[in-house]
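**Student:** okay, here's the prediction I keep looking at, along with the sequence it came from:
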Amino acid sequence: GLGKVIFWMLYTPGDEWIKKYEEEALRKKKEDEQIRKNKELENFRKQESERIKLDEEKKKKEVDDAKYVKGVVKFSNISVRNLPKMDIGGKADPFVLFRMGDSEKQTSIVKSVLNYDYIDEEYEVIYDPSKMKGQGIVDVEVYDYDTIGGNDIIGINSVDILPSMNKEIKVELFLQPKKSKKDFESSKSIILQEEPDQGLGKVIFSMLYTPDLEFIQKNKEIQLRNQRRAEELRQQEQENQMKNSDNQYVKGNVNFSNIQVQNLPMMDFNGKSDPFVLLRLGNEEKKTSTALGTLNYQYKNESFDFTYDPAVTQERKVEIEVYDYDNEIGNDFIGTANMDV
């Protein structure tokens, strides 16, 4: 009536226990080392990806900047539409100012209008990227002329000159309050500004950007240099990818076990096959025993080892081929597959 005690007990001799402990410690060390290597490789790939991205962005900026060369920007077919009433008489006395850095030109002043076409008025503004810090923006400002208290600004906007290089384009800009003026980065590459109508009217004109011949030649040289640099970056990236790929392959042992075939096609008259599996890595190959009269088979207790050295073996994949054994007319090929080591 005192009950019972139940337990499992395992007696491990000292030497055998120590061996198992050492093997487990070695296995854990290898796993930790592989995890460390994988993390290092992942970090390297991230850093390399970020470096390539920065190089591409820098190259793109250099290419874009190289397009802006010294030249002349011509403004013609200038008009204003739907201007707000600025004077007591319900009209305005508008003029348009085009400014690029320190260089600027303005139209004539028109009295008492809200809509006007500046017929036969054309203006050329010198564009010098060295004075514009590489920016290719023209500021367009519309004023109401006032002889007493100073001119009143009606509205402003800006546009990139690059789309008009060697081709005249039509530009329509809704005038914006001065505090809403967009900077270069936000307005870059926009031909027709899409800011909302602020009720300040719009300015319309044609624009033609003609580069200086001397700067055109220099620009071609810069672009050619950038193209060569881009090609070098692409080649370097390809080499890095190959190098990263090769770094994953290290000398070691490749073991195959628990080999089996399933659902093989019928290769013999009896509706069966006599399959064996051939394993090939580089110039080394090994094969299983031959199973007779079966379409599904497990090659029990059959294990194969390959010594793999990427410095010797260029192949990175193991070829697996399955044959139907035939001692009379030669083995029949059933199928093949490959697996990255």
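**Tutor:** All right, it came through fine. Residues are numbered from 1 along each chain as shown.

**Student:** how's the protein carved up into domains?
**Tutor:** Per the record, the chain has its domains at 70-211, 251-341, by automatic domain parsing.

**Student:** quick check: end-to-end length of the shortest one?
**Tutor:** It stands for domain 251-341. From its first residue to its last, domain 251-341 covers 11 Å (CA to CA, to the nearest Å).

**Student:** how close does I6 sit to T107?
**Tutor:** Remark: distance between I6 and T107 (CB to CB, to the nearest Å) = 105 Å. From N, CA and C alone the C-beta is placed, and that goes for glycine too.

**Student:** and stretch 155-173, how far from the chain's centre?
**Tutor:** Mean C-alpha position of stretch 155-173 versus that of the full chain (CA atoms, centre = their mean, to the nearest Å) differs by 30 Å.

**Student:** same check, this time on stretch 297-317
**Tutor:** Centroid separation between stretch 297-317 and its chain, computed with CA atoms, centre = their mean, is 38 Å.

**Student:** show me which residues of that stretch are buried.
**Tutor:** The neighbour-count check on stretch 297-317 (16 or more other CB atoms under 10 Å) flags 297, 299, 302, 304, 306, 308, 310, 313, 316 as buried.

**Student:** report the two of these separated the most.
**Tutor:** The most widely separated members of those are Y297 and P310, with 32.9 Å between them, by CB to CB.

**Student:** show me what the longest helix anywhere in the chain is packed up against.
**Tutor:** The single longest helix within the chain, with elements called by DSSP state H, is helix 14-67. Packing contacts for helix 14-67, counted by 3 or more CB pairs under 8 Å, 6 or more residues apart in numbering; DSSP states H and E, involve helix 213-247.

**Student:** following the helix it packs on, which helix or strand comes up?
**Tutor:** Using DSSP states H and E, the helix or strand that directly follows helix 213-247 along the chain is strand 252-256.

**Student:** give the other helices and strands that that next one contacts.
**Tutor:** strand 304-308.

**Student:** touching the strand it packs on from outside, list them.
**Tutor:** Outside of strand 304-308, the residues within contact range by CB atoms under 8 Å, 6 or more residues apart in numbering are 249, 251-257, 279, 281, 284, 286, 288, 318, 341.

**Student:** now R27: how far from E33?
**Tutor:** In terms of CB to CB, R27 sits 11 Å off from E33.

**Student:** any idea which residue sits dead centre in the protein?
**Tutor:** Centroid-nearest residue in the chain, with CA atoms, centre = their mean: K53, separated by 7.0 Å.

**Student:** for that residue, give me the pLDDT.
**Tutor:** As predicted, K53 sits at a pLDDT of 85.

**Student:** same deal with R316?
**Tutor:** At R316, the model reports a pLDDT of 77.

**Student:** likewise for T288?
**Tutor:** At T288, the pLDDT value in this model is 93.

**Student:** rewinding a little: list just the nearest of the contacts of strand 304-308 to E124.
**Tutor:** For the contacts of strand 304-308, the nearest to E124 is Y249 (64.5 Å; CB to CB).

**Student:** count of residues packed around the closest one?
**Tutor:** Y249: 15 surrounding residues under other CB atoms under 10 Å.

**Student:** same question, K178
**Tutor:** Around K178 sit 11 other residues, with neighbours defined as other CB under 10 Å.

**Student:** any idea which of the domains of the chain is most buried?
**Tutor:** Burial of those is given as mean neighbour count (mean count of other CB atoms under 10 Å); domain 70-211 ranks first at a mean of 16.

**Student:** and the end-to-end length of that one?
**Tutor:** Start-to-end span of domain 70-211 (CA to CA) is 6 Å.

**Student:** so that it lines up with my notes, have the first residue be 308 from now on.
**Tutor:** Got it, first residue is 308 now, which makes that one domain 377-518.

**Student:** quick check: mean pLDDT across it?
**Tutor:** Average pLDDT, domain 377-518: 85.

**Student:** now swap in stretch 569-585 and tell me
**Tutor:** Mean pLDDT, stretch 569-585: 82.

**Student:** contacts for that stretch next, please.
**Tutor:** Stretch 569-585 is contacted by residues 566, 568, 592-604, 606, 627-633, 639, 641 when judged by CB under 8 Å, 6+ apart.

**Student:** show me the helices in the stretch 358-507 of the chain, by range?
**Tutor:** In the stretch 358-507 of the chain, the segments counted as helices under DSSP state H, counting those that start in this stretch are 436-439, 491-494.
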